[in-house]
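Novice: Just need the structure, nothing else, for what follows:
(2 chains)
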Amino acid sequence: MKKTIARQLLGSALGLIILGSQTTVSAEETGEALYKTYCSQCHGIKGDGMGVNVRDMSVQPRDHTDRVAMSSRSDADLFKVVKEGGQAISKSVLMPPWAGAMSDNEINSVVKHMRVLCQCQHGSGS
Amino acid sequence: MNSRRHLHAYLLLGGFALGITQSTLASATDILKKDCAQCHNLTGPAATALKALWERKGPDLFYAGNKYKRDWLESWLQKPARIRPAGMYYGNHVERGAKSDEIKAATPPSHPVLSSADAKSATEALMSLRANSVLIKPGEYKPGSIPMSMGEMLFDKFRGCMACHEIEPGYGGLSGPEVHTAARRLQEDYMISFMRNPQAWDPRSFMPNKSLNDADLQKLVHYLRALSEENTK
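Specialist: Residues are numbered from 1 along each chain as shown, chains lettered A, B, ... in the order given. I've put the predicted structure just below:
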């Protein structure tokens, strides 16, 4: 009987330890905040491709303030590269897929923020 | 206050599971409350809001027993050295330099030094914090080797991990933790689990999920182990 109680206590204890760690991503974040968290490490705090990680990179990250280059990309392309990574659009593997960290809605917000940075829309750069 | 009560409960429960005595835990609890809780999340859950992520001063420790190697932890607490070149969240510690963003001088802050006795007690307590055990498959890592050049090719060219991590002091990305010491710091089964799905451990982590397959995960840990042997600090 004592052993059973001890086992139950231990089970509850371990259960609490495991439950204590369970997390879910809650509120949707803004495009600007998401960009600041995930993108600016490589694309820079100004969004011009000069982030803190560029020192030893073999491929320069995209300059999101480049109106001409950015207007040649559709929102669907930008969504795809943020969600699935550079290789999904035949670009560098250094651009990772962010699907695990951001929801589709959040990635759409990041795309909108990229349009703010370039002050452009698809096809408006010439 | 609530979190302190939780911390005490976690330590007692974790200690009970591991057979640690009550008096050892009491002393360890004091050290964690006094020295660690101000900067580390000792009770979980992990932050889910970006603002909380930005304000994080040190890594979450509520799963420290599943993450760190005991000997390394005890030794590091007595002689702490920076692991993340740009701090917990790089955004707090970078500014625009002459050409690109650079880490600001004098930041991020250093970790306090613990005495030998305190480091031992703190390590004992931290190793009893074993949340997220469900994510670990004990013995999943199978020791093996990979030629250094192949490992670097996998890490850099094929998977792009070097974008954010230094593979030797002064070479590589700066926003993530250095990886040339990773295998000395981290348990192999944890490395596999974290690389497989970083957001399962830390929902807003800025480490991407690269959908690595099992073979790649094993090879990457081989490589990280080889790197740690090559780079002694």
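Novice: Tell me how many other residues crowd residue A:53.
Specialist: Look at residue A:53: counted by other Cβ atoms under 10 Å in any protein chain shown, it has 28 neighbours. (Glycine included, C-beta is placed from N, CA and C.)
Novice: Show me where chain A dips below the pLDDT cut-off.
Specialist: A:1-26, A:125-126 (pLDDT under 70).
Novice: same deal with chain B?
Specialist: If you take pLDDT under 70 as the line, chain B has these spans: B:1-26, B:231-233.
Novice: hmm, 50 instead?
Specialist: B:1-3, B:11-20, B:233 (pLDDT under 50).
Novice: need the helices for it, in chain order.
Specialist: Ranges of helices in chain B, per DSSP state H, are B:2-18, B:22-31, B:50-55, B:64-67, B:70-78, B:116-127, B:148-152, B:182-185, B:188-196, B:198-201, B:214-230.
Novice: Please name the nearest non-neighbouring residue to residue B:32.
Specialist: Leaving aside its sequence neighbours, residue B:32 sits nearest to residue B:125 (Cβ to Cβ, 6 or more residues apart in numbering or on different chains; 5.4 Å).
Novice: Does the one you found touch residue B:34 like I think?
Specialist: No: counting by Cβ atoms under 8 Å, residue B:125 stays clear of residue B:34, with 11.7 Å between them.
Novice: Which one's more surrounded, these two?
Specialist: Between residue B:125 and residue B:34, residue B:125 has the larger neighbour count (other Cβ under 10 Å), namely 28 against 11.
Novice: Break down chain A into its helices, ranges please.
Specialist: A:2-19, A:31-34, A:40-43, A:67-71, A:75-84, A:104-118.
Novice: rewinding a little: how close does the residue nearest to residue B:32 sit to chain A?
Specialist: Between residue B:125 and chain A the distance, using Cβ to the nearest Cβ, to the nearest Å, works out to 14 Å.
Novice: burial measure for residue A:99, as a count.
Specialist: Around residue A:99 there are 17 residues (other Cβ under 10 Å).
Novice: where does it fall, phi/psi-wise?
Specialist: As for residue A:99, its main-chain torsions (degrees, to the nearest 10) stand at phi -60, psi -40.
Novice: In contact with it, which residues are there?
Specialist: A:83-84, A:107, B:209 (Cβ atoms under 8 Å, 6 or more residues apart in numbering or on different chains).
Novice: State the number of residues packed around residue B:63.
Specialist: For residue B:63, using other Cβ under 10 Å, the count is 26.
Novice: circling back to that earlier point, hey, which of the helices of chain B is tucked in deepest?
Specialist: Comparing the helices of chain B by mean neighbour count (mean count of other Cβ atoms under 10 Å in any protein chain shown), helix B:64-67 ranks first with a mean of 24.
Novice: Could you see whether chain A lies near that helix?
Specialist: No: using Cβ under 8 Å from any Cβ of the partner chain, helix B:64-67 stays clear of chain A, coming no nearer than 9.6 Å.
Novice: quick one: contacts of that helix?
Specialist: With Cβ under 8 Å, 6+ apart, helix B:64-67 has contacts from B:14, B:73, B:126-133, B:135-136, B:186-187, B:190.
Novice: one step back: which one, of the helices of chain B, ends up nearest to residue A:100?
Specialist: helix B:198-201 (4.7 Å; Cβ to Cβ).
Novice: which strands and helices sit next to that closest one?
Specialist: helix B:188-196 (3 or more Cβ pairs under 8 Å, 6 or more residues apart in numbering or on different chains; DSSP states H and E).
Novice: Any chance you could list what contacts the helix it packs on?
Specialist: With contacts defined as Cβ under 8 Å, 6+ apart, helix B:188-196 is touched by B:66-67, B:135-141, B:143, B:182-183, B:200-201, B:207, B:209-210, B:212, B:217-218, B:220-221, B:224-225.
Novice: returning to what we had before: identify, from the contacts of helix B:64-67, the entry nearest to chain A.
Specialist: Proximity of those to chain A (Cβ to the nearest Cβ) peaks at residue B:131, which lies at 3.3 Å.
Novice: Alright, calling it a day.
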